[in-house]
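Undergrad: Here is a sequence together with a model predicted from it:
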Amino acid sequence: MRFQTPLVRAHLVRRWNRFLSEATLEDGTLVRAHCPNPGTMMGLNAPGTPIWLEPNDDPKRKLNYGWRLVELGGGDWSGIDTAVPNRVVGEALRDRAIPELGGYDGVRPEVKYGRKSRVDFLLTQPGLPDAYVEVKNVHLRRDGNLAEFPDCVTARGARHLDELADMVRAGHRAVMLYLVQRTDCAAFALARDLDPAYGVAFDRARAAGVEAICYDTAISTEEITIRNPLPLRA
């Protein structure tokens, strides 16, 4: 997934709320930027953090910048836009770049299922069971090189796990795919202390036959692409 506009470097002043931040550009100009992330962004939103913004001149948008990346130091990066994982995974599915899901030609996004929900991707192929794939954005890192999800309580995420389990019971295939928008992690685990109910829902879904896989990403100021599978220590 390539960024539509060249990114510009800035330093975070503060994150006002879930969707609004303030930063200074390299020339000292103070700007406000859309923050496309409703989570806590634990460890990624300290004042003074070097970040990268995507400019836009769309008159329909209230803000002329969107926050996209965080510099982690040592050449590592984190993406913060929670809409990016679906775009990255969508490209990877169409390119058959995810071996566990490489047998499917049909890739349909945002298909209605469950209880008033939409699955991120429905994969179809003659001779194979339909595969319902949910994608979760991961960018929390607290302990060593371990990526974790979630970074806050997510009742919606727990509901998605239950709905995937329903698809397995109906004879389909169901996959929870965690995409790590960081380049400094080597494994994945659930942050059970932050949301115990999600951990319980995950265990329930796995017992029902829901698959869980994790991939990290290659990140630069030009693009974000899927990279390597990470082991799950859920």
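TA: That came through, no problem.

Undergrad: Checking residue 122 next. Helix, strand or coil?
TA: In three-state terms, and counting by DSSP: H, G, I helix; E, B strand; the rest coil, residue 122 is strand.

Undergrad: was I right about it contacting residue 108?
TA: Yes. Counting by CB atoms under 8 Å, residue 122 does reach residue 108; the two are 4.7 Å apart. All C-beta atoms are positioned from the backbone trio N, CA, C, and that covers glycine.

Undergrad: and these two? which has more neighbours close in?
TA: More neighbours surround residue 122 than the other of residue 122 and residue 108, with 21 against 11 (other CB atoms under 10 Å).

Undergrad: With adjacent residues omitted, what lies nearest to that one?
TA: Of all residues not flanking residue 122 in the chain, residue 111 sits nearest, at 4.2 Å (CB to CB, 6 or more residues apart in numbering).

Undergrad: Give the helix, strand or coil label for the one you found.
TA: State at residue 111, reduced to three classes by three-state DSSP: strand.

Undergrad: What residues does it make contact with?
TA: Going by CB atoms under 8 Å, 6 or more residues apart in numbering, residue 111 touches 118-119, 121-122.

Undergrad: quick one: pLDDT of the nearest residue to residue 41 once chain neighbours are set aside?
TA: Nearest non-adjacent residue to residue 41, counting by CB to CB, 6+ apart: residue 80, 6.4 Å away. Here the pLDDT value assigned to residue 80 is 96.

Undergrad: mind saving the C-alpha coords of the helix ranked longest in the chain as CSV?
TA: Looking across the chain with DSSP state H, the single longest helix is helix 155-169. Once non-C-alpha atoms are left out, helix 155-169 reads as follows in CSV (Å, rounded to 0.1, in the frame of the first residue of the first chain):
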residue,chain,number,x,y,z
ALA,A,155,-16.1,-5.5,23.2
ARG,A,156,-16.5,-5.3,19.4
GLY,A,157,-13.4,-7.4,18.9
ALA,A,158,-14.7,-10.1,21.2
ARG,A,159,-18.0,-10.1,19.3
HIS,A,160,-16.1,-10.6,16.1
LEU,A,161,-14.4,-13.7,17.5
ASP,A,162,-17.8,-15.2,18.5
GLU,A,163,-19.2,-14.5,15.0
LEU,A,164,-16.2,-16.2,13.4
ALA,A,165,-16.8,-19.2,15.6
ASP,A,166,-20.4,-19.2,14.4
MET,A,167,-19.1,-19.4,10.8
VAL,A,168,-17.0,-22.5,11.7
ARG,A,169,-20.0,-24.2,13.2
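
Undergrad: picking up where we left off before, what subset of the contacts of residue 111 is buried?
TA: Buried by 16 or more other CB atoms under 10 Å: 119, 121-122, out of the contacts of residue 111.

Undergrad: Would you mind listing the residues in contact with the residue positioned nearest the centre of the chain?
TA: The centroid of the chain falls nearest to residue 137 when counting by CA atoms, centre = their mean (1.9 Å). Taking CB under 8 Å, 6+ apart, we find residue 137 in contact with 82, 84-85, 179, 181.

Undergrad: now it: how far from residue 78?
TA: Note on residue 137: its distance to residue 78, by CB to CB, to the nearest Å, is 11 Å.

Undergrad: quick one: common contacting residues for these two?
TA: Jointly contacting residue 137 and residue 78 under the rule CB under 8 Å, 6+ apart are residue 181.

Undergrad: In helices, which of the contacts of residue 137 fall?
TA: Using DSSP H, these in helices are 84-85.
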